[in-house]
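>>> Structure of the sequence below:
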Amino acid sequence: LDPDRQQVRALFAAWRVHLGTDNKYTLAEVVERAFAFEDHSLRDALMDIGRRGGELNRRVLGKWLARHDRRIEQKLELSRAGERSGVALWKLSDCTARG
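Numbering: from 1, shown residues only. All right, here's what the predicted structure looks like:
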């Protein structure tokens with residue numbers, strides 16, 4: 001697998017476990033929750049994507065999400081799901097439920 005695809009799979013798998021599918025979150029909410037869980041899989045996936053200088057760079061992470069909008073991997077789809085107070089919302093959907 002190429003590095004981008006590995007990042008996508010790691011993020012999608014951890015997101016599904018910790019945040020579920022079809023729930024809408026801002027990037028800040030995703031990051032906040034990722035750092036609150038005892039299981040670090042979501043945090044590690046986010047850090048792998050957005051680490052700059054040893055810290056999580058939310059701008060880098062946000063651009064990565066935007067580049068992967070509507071991305072489907074292993075029957076999961078990441079998509080932008082509108083806005084809340086002018087801030088983008090993101091959700092992970094289970095494509096197997098679409099019939």
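>>> Enumerate the positions of the longest helix belonging to the chain that are buried.
In the chain, assigned by DSSP state H, the helix with the most residues is helix 3-19. Neighbour-count burial for helix 3-19, counted by 16 or more other Cβ atoms under 10 Å, picks out Gln7, Val8, Ala10, Leu11, Phe12, Ala13, Ala14, Trp15, Arg16, His18, Leu19. C-beta: built from backbone N, CA, C; applies to glycine.
>>> try stretch 48-64
Ile49, Gly50, Leu56, Leu61, Gly62, Trp64.
>>> Touching it from outside, list them.
Stretch 48-64 has contacts (Cβ atoms under 8 Å, 6 or more residues apart in numbering) with Gln7, Ala10, Leu11, Leu27, Ala28, Val31, Leu46, Met47, Ala88.
>>> Which ones among the buried residues of stretch 48-64 map onto helices?
Counting by DSSP H, the buried residues of stretch 48-64 contribute Ile49, Gly50, Leu61, Gly62, Trp64 to helices.
>>> with the buried residues of helix 3-19 in mind, which one is nearest to Gln74?
Nearest to Gln74 among those: Phe12, at 6.7 Å, using Cβ to Cβ.
>>> That closest one and Arg58, how far apart?
To Arg58, Phe12 is 19 Å away according to Cβ to Cβ, to the nearest Å.
>>> which one is the most centrally placed residue in the chain nearest to, not counting chain neighbours?
With distances taken as Cα atoms, centre = their mean, the chain has Leu11 as the residue nearest its mean C-alpha position (5.5 Å). Distances taken as Cβ to Cβ, 6 or more residues apart in numbering place Ala45 nearest to Leu11, at 4.2 Å, with adjacent residues excluded.
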